[in-house]
Structure formats: structure tokens, C-alpha cells
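Visitor: Mind folding the following:
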Amino acid sequence: MDRWFNLTGCDNVRDLGGLPTVDGSLTRYGACLRADSVQMLTPGDVSLLRGSFGLRAVLDLRAKEEALREGRGLLAEEDVAYHHLSFLPGEWVMPDDPRFPAIVRDLRTQDRVEHYLDYLRLAGPAVATALRVLAHADTGPALFHCAAGKDRTGVLAAMLLSIAGVERSAIIDDYTQTNERIERVNARLADRPSYQRQIKPDSAGQLSCLPEVMVGFLAGVDEGWGGPAAWARTSGVTEAELAALRTTLVG
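Guide: Predicted structure coming up:
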């Protein structure tokens, strides 16, 4: 099955189903969507998410100022649970203009690896809460998103898929699949006030997802905490919640 979930108002939406696990299973379709920002969804998009996918919860990983400035769009009018869980601590704001946080940045490989690890170091409670929310039986089907659907969303997807037992190579492939849509994502971000200072819509390859970044991030989690599940345990996620995440994603 095609994992892309095609919508008019955003570009980088895909189902976490169909990924191989280390024990020979596949993740289930229809449990979780990962996405770029959803504030521009059309009425048709909302109908598709609510009707076809059965959306019941949205996890918004954007910063507080970012979410307030950009808004939630039409999903704010729906009977959908909304969880705002910022992966960006408040100190990550551009010093020359605090109205425009440096949210979307093109970084060198090792810098981006450290940037991703800082989500766990500096915004750990938000990451752990996102895992606990997704573990709850009444949450899904769920969608989680940031701005581009690649960094904050990519880290949560990697943590979630690792806990579910997905093969590392498949987690890395899922991360880099964003490259198929990155030019469209860049063009959309360049029209939004929170990101237009950092994004050049005509720069080929900008914000691409390099496989070595996800390799480095997962290796850093292994080295620093003993793996994603071990990180989750040290951050307050229970064994029952870890098991529920595996059941949600794999069955």
C-alpha cells in the first residue's frame, strides 16, 4: 500500500503502517499519521481525515509562539482531542527578533544530530507525554505534526517506531521519505510568517533528510540512554504504556 496520505492543505503526510519489525510483522495502517503543519487543511481534507482515517486526536509539536501565530486551522472546529506538546524549549528563539523563533534551520549533519538529541535532553517531558498519549487506548487514530514534518515529527516517529520494534533500516527509510516532498514543503513554509526568514523556496535540497542524521540520532540515543525504550522508561513511560504502544502500532 502507498503510505502517503494525500491532502490539499499539506504535503508531507504519511501513515506509519506497512513497516517491517524485527520479529517479522508489519506495522498497522490506520493507527498514526505523521505530518507537516495542518493549519491550511481544506474542508475536503478534514472530511478525509475524519471520515476515511477516523481521526480522533492531534499532537501539535510546534513551539507555543509558533502555534499561536500560525493557528490550528479547520481541525480546531472538529471534535478532535488536541494536545500541544512543544518540542522546542523557550530559549531556542532568535536573539535579534524574538517574534520569529529559529524553528526551521538547515544544519550540518552532526549539528542536526545534536539538535535532535536536544529534543530529548531539553524537551523530554513533552516527548514522553507524546508517547504516553499515543499509548492510551482511546487516543487513536492520531496525527502528530510540526512545521515541515521532518525534524520534531521525525524524532517522535523514530522513537515510536523503535519502541514498536520496527527495523532500524525501515525507520531511517521512513525519515528520508520526506525528501520526495521536500521542495513542496519548503515552498509552503516560505509563505508563512514563522519560517519565511529561514526558508528559500528556490533552493534545491534545502532541509533534506540525510540518512546519516537519523543513524547518528539513534546511535546517540543508544549511547546516552540505552535505546529509545530505555529513554522512555527513564522519562516516566511505564512498561504497560510501552506495551500499549507496540500493540497500537503492530497489534
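Visitor: Spatially central residue in this structure, please.
Guide: Taking CA atoms, centre = their mean, the centroid of the chain lies closest to residue 153, which sits 1.3 Å from it.
Visitor: Now name the helix or strand holding that residue.
Guide: Using DSSP states H and E, residue 153 falls within helix 152-163.
Visitor: what's the answer for residue 130, then?
Guide: Per DSSP H and E, residue 130 falls inside helix 124-135.
Visitor: who's in contact with the nearest residue to residue 126 once chain neighbours are set aside?
Guide: Nearest in space to residue 126, with sequence neighbours left out and distances taken as CB to CB, 6 or more residues apart in numbering, is residue 85 at 4.3 Å. To be clear about C-beta, it is placed using only N, CA and C from the backbone, and glycine gets the same treatment. Contacts of residue 85 were listed using CB atoms under 8 Å, 6 or more residues apart in numbering, and they are 59, 60, 61, 126, 127, 129, 130, 133.
Visitor: Name the SS class of the first one, please.
Guide: The local conformation at residue 59, judged by DSSP: H, G, I helix; E, B strand; the rest coil, is strand.
Visitor: before we move on, the earlier item: gap between the residue nearest to residue 126 and residue 155?
Guide: For residue 85, the distance to residue 155 equals 12 Å [CB to CB, to the nearest Å].
Visitor: Could you say whether residue 86 sits in a helix, a strand or coil?
Guide: Reduced to three states with three-state DSSP, the structure at residue 86 is coil.
Visitor: okay but it is in contact with residue 62, surely?
Guide: Yes - between residue 86 and residue 62 there is a contact under CB atoms under 8 Å: 6.5 Å.
Visitor: neighbour-wise, which of those two wins?
Guide: Legend: neighbour count by other CB atoms under 10 Å for residue 86 and residue 62, higher for residue 62 (25 against 19).
Visitor: For that one, which non-adjacent residue is spatially closest?
Guide: With sequence-adjacent residues excluded and distances taken as CB to CB, 6+ apart, residue 62 is closest to residue 146, at 5.6 Å.
Visitor: give me the element residue 113 is part of.
Guide: Following DSSP H and E, one finds residue 113 within helix 109-122.
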